[in-house]
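Curious how this folds, go ahead:
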Amino acid sequence: MGVETLSFILDPIINAGPLFFIFIVFTIIGLIVRLKPLSAIRNGLMIAVGFQGVYIVLDFFLGSIGPVAAALSERYGDVFTYTDIGWAAFASFSWGWPWAYALVAILLVVNIIMIFTKMTDTVNLNIWDFWEPIFASIIIMAFTKNITLALIVGACFGWFNLMLSDFSAQKGYIEDLGFEGLSFYQGGSVIWIVFGHYLSKIFDKFGLKGGKFTPEYIQEKYGVIGEPVILGGILAFLMGIGAGYNLIDVMLLMISLATSMVLFPIITGIIMQALVPVTDAAKGFLKKTTKGRNLYIGVDPAIALGNTTTIAVGILMMPVMLVLAFVIPGVVMVPLADLSIMMFVWIFLTPPMKFDLLRSFIAAVIAGVVITLMGILIAPFSNAAAVYSGAEIPSGTAVSSMLNSYTPENLVAGLLGKAYTTIGFTGVVSIIIASIVISVIFRLRYLKKKRQKR
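Now for the predicted structure:
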């Protein structure tokens with residue numbers, strides 16, 4: 001099947017967006033695991049309804065917080081070399097790449113191979129976020145003009161992303177969020193849950209124990225101040241004042257953010273309820289067909305945005321990320337379009353921190369420093385890929401996005417692309433093979449320990 005044929009078949013599906021994937025895929029899974037047809041369709045619809053609700057509330061939240069982020073950037077900003085044009089632009093570059101669907105097919109095959117060889121326990125359904133390894137492959141193309149190498153590197157990223165998704169479930173963090181039988185898949189961004197895991201261990205050694213300053217603890221100790229509606233109102237008040245809003249606009253912002261914090265948990269509760277019959281049936285089916293093996297369903301981490309700690313940390317980190325852009329030497333881009341979407345980093349940090357607000361905030365600040373430093377290196381790679389994609393960039397302007405800055409795939413792809421002129425095709429492939437071999441060794445060690453525990 002050629003690339004043009006794949007494009008003809010998959011273009012309408014991709015253009016339909018993630019909700020189409022969610023409804024169709026979960027309905028099919030329901031049928032496969034032997035739910036009655038009407039029940040399978042109902043659950044597929046309810047899960048899609050839940051995700052639609054999440055996206056609606058998320059859009060509302062971002063629509064409320066976006067102008068605040070812009071006001072903060074404008075009020076305290078300066079001239080930077082690169083402009084944050086937002087993740088959506090780069091996602092469109094990715095899906096517009098002629099080889100995108102060929103890489104999608106390769107990534108699906110990689111997932112199947114890894115499941116049968118026991119190199120992963122995740123059956124990834126979040127096809128939409130394949131755009132991240134696709135974009136990393138475009139970075140390779142921008143530097144090497146070698147499509148074979150670009151597809152190999154993209155496949156390698158798919159391999160590691162699945163292993164990272166396994167980690168999110170194996171440590172119990174997704175279950176802690178209330179989603180049993182699932183793992184998070186969002187490209188290389190999932191590495192931040194590994195970052196949070198080991199940072200949590202460091203915190204423990206230094207006596208910063210987790211699980212105390214949770215919203216539930218604050219509510220129990222101090223009454224209504226720990227409720228999502230009050231937390232949202234307080235954080236919105238501080239943000240509005242910092243952005244220079246007048247009193248009426250500050251109060252409207254308080255209402256908007258409080259609304260988001262109240263609605264998020266309600267909407268995610270719909271997804272949780274709809275997932276129960278599917279995941280229960282899937283677990284039973286998979287255990288029978290895989291001789292008792294537990295497999296996880298990889299989904300978009302957006303389902304967990306209803307966590308109060310995550311939302312609170314996300315709001316607190318907006319001014320912090322701006323401050324970091326101005327105080328860290330060498331920063332080339334101020335967060336703007338993607339400042340509010342950074343929620344998708346903090347969501348990976350809060351479970352390892354046991355949803356403790358203090359620990360989660362400190363972890364987010366540390367991660368923010370790392371991301372800002374990574375952004376210095378990644379921005380030129382993002383711009384090179386955008387130019388290669390044919391984006392119409394005004395003369396004298398260079399572009400990147402904050403989301404690109406926290407995706408390690410882009411950093412690795414850029415470094416490999418630049419090294420290509422020195423080490424060539426063989427050198428890059430050798431690095432990839434060595435990395436996969438190391439990951440296989442760690443995976444085999446994990447499987448051995450798992451067998452010994454039985």
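
Can you tell me which residue is spatially central in this protein?
By Cα atoms, centre = their mean, the chain has its centre lying nearest to Gln186, at 4.1 Å.

Tell me which other helices or strands the helix or strand encompassing Val262 touches.
Using DSSP states H and E, Val262 falls within helix 247-289. Secondary-structure packing of helix 247-289 (3 or more Cβ pairs under 8 Å, 6 or more residues apart in numbering; DSSP states H and E): helix 18-32, helix 37-76, helix 228-242, helix 308-327. For the C-beta atoms, the positions are set from N, CA and C on the backbone; glycine is no exception.

among the helices and strands of the protein, which has the poorest mean pLDDT?
helix 215-222 (a mean of 60; mean pLDDT, DSSP states H and E).

Helices along the stretch 351-454 of the chain, start to end?
357-388, 402-405, 408-453 (DSSP state H, counting those that start in this stretch).

Residues in contact with the shortest one: which ones?
Helix 402-405 is contacted by residues 84, 86-87, 90, 135, 321, 333, 335-339, 341-342, 344, 371-372, 374-375, 378-379, 382, 410 when judged by Cβ atoms under 8 Å, 6 or more residues apart in numbering.

For it, list the C-alpha coordinates in CSV.
Taking Å, rounded to 0.1, in the frame of the first residue of the first chain, the C-alpha atoms of helix 402-405 are listed here in CSV:
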residue,chain,number,x,y,z
MET,A,402,6.6,25.8,24.5
LEU,A,403,5.2,22.3,24.0
ASN,A,404,8.0,21.5,21.6
SER,A,405,10.4,22.6,24.4
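
rewinding a little: out of the helices and strands packed on helix 247-289, which one sits most buried?
helix 308-327 (a mean of 21; mean count of other Cβ atoms under 10 Å).

after that helix comes which helix or strand?
Counting by DSSP H and E, what follows helix 308-327 is helix 343-349.

Now do that next one, average pLDDT.
Regarding helix 343-349, the rounded mean pLDDT is 87.

what helices or strands is that helix leaning on?
helix 191-205, helix 308-327, helix 357-388.

Hey, what's the angle from the second one to helix 37-76? Just curious.
If I follow you right, that is helix 308-327. 30 degrees (axes from the mean of the first three to the mean of the last three Cα atoms, to 10 degrees).

Who are the packing partners of helix 308-327?
Partner elements for helix 308-327 (3+ Cβ pairs under 8 Å, 6+ apart): helix 37-76, helix 215-222, helix 228-242, helix 247-289, helix 343-349, helix 357-388.

just the CA coordinates of it, formatted as CSV?
Listed next in CSV are the C-alpha coordinates belonging to helix 308-327 (Å, rounded to 0.1, in the frame of the first residue of the first chain):
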residue,chain,number,x,y,z
THR,A,308,-7.6,19.7,41.6
THR,A,309,-3.8,19.6,42.4
THR,A,310,-2.9,19.6,38.7
ILE,A,311,-5.2,22.5,37.9
ALA,A,312,-3.9,24.5,40.9
VAL,A,313,-0.2,23.8,40.0
GLY,A,314,-1.0,24.7,36.3
ILE,A,315,-2.3,28.1,37.3
LEU,A,316,0.5,28.8,39.7
MET,A,317,3.2,27.9,37.1
MET,A,318,2.0,30.3,34.5
PRO,A,319,3.8,33.4,36.1
VAL,A,320,6.7,31.1,37.2
MET,A,321,7.3,30.1,33.6
LEU,A,322,7.4,33.7,32.5
VAL,A,323,9.8,34.6,35.3
LEU,A,324,12.1,31.7,34.3
ALA,A,325,12.2,33.0,30.7
PHE,A,326,13.5,36.3,31.9
VAL,A,327,16.0,35.2,34.6
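
Measure how far that helix is from the centre of its chain, please.
Distance, stretch centre to chain centre, for helix 308-327: 17 Å (Cα atoms, centre = their mean, to the nearest Å).

sorry, back to before: mind checking the helices and strands packed on helix 247-289 for the one nearest to Leu125?
helix 18-32 (5.0 Å; Cβ to Cβ).

now that closest one: mean pLDDT?
77.

Counting by contacts, list what it packs against.
Using 3+ Cβ pairs under 8 Å, 6+ apart as the test, helix 18-32 ends up in contact with helix 37-76, helix 247-289.

for the helices of the stretch 351-454 of the chain, which one ends up most surrounded?
Buried most deeply of the helices of the stretch 351-454 of the chain, by mean count of other Cβ under 10 Å, is helix 402-405, with a mean of 28.

just to revisit the earlier point, out of the helices and strands packed on helix 247-289, which comes closest to Ile174?
Closest approach to Ile174 among the helices and strands packed on helix 247-289 (Cβ to Cβ): helix 308-327, 13.3 Å.

That closest one versus helix 247-289: what angle between them?
Using the same axes, to 10 degrees: helix 308-327 against helix 247-289 is 120 degrees.

which residues touch Lys209?
Phe203.

SS state for it?
coil (DSSP: H, G, I helix; E, B strand; the rest coil).

what's the burial count for the closest residue in space to Gly269 that isn't next to it in sequence?
Spatially, and ignoring its direct neighbours in sequence, Gly269 is nearest to Gly306 (7.5 Å; Cβ to Cβ, 6 or more residues apart in numbering). Using other Cβ atoms under 10 Å, Gly306 has 26 neighbouring residues.

surely Gly306 meets Pro265?
Yes: in terms of Cβ atoms under 8 Å, Gly306 counts as a neighbour of Pro265; the distance is 4.0 Å.

where does the stretch 251-400 of the chain dip in pLDDT?
268, 272, 282-284, 286-292, 336, 394-397 (pLDDT under 70).

go on, the stretch 101-250 of the chain?
For the stretch 101-250 of the chain, the ranges with pLDDT under 70 are 210-211, 215-228, 231.

Can I get the helices and strands packed on helix 247-289 in a markdown table including distance to His197?
As requested, the helices and strands packed on helix 247-289 are exported to a markdown table (distance: least, Cβ to Cβ, whole Å):
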| stretch | distance to His197 |
| --- | --- |
| helix 18-32 | 27 |
| helix 37-76 | 25 |
| helix 228-242 | 25 |
| helix 308-327 | 16 |
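
Please identify which of the ones you listed is closest to Tyr296.
The closest of the helices and strands packed on helix 247-289 to Tyr296 is helix 18-32. By Cβ to Cβ, the value is 12.8 Å.
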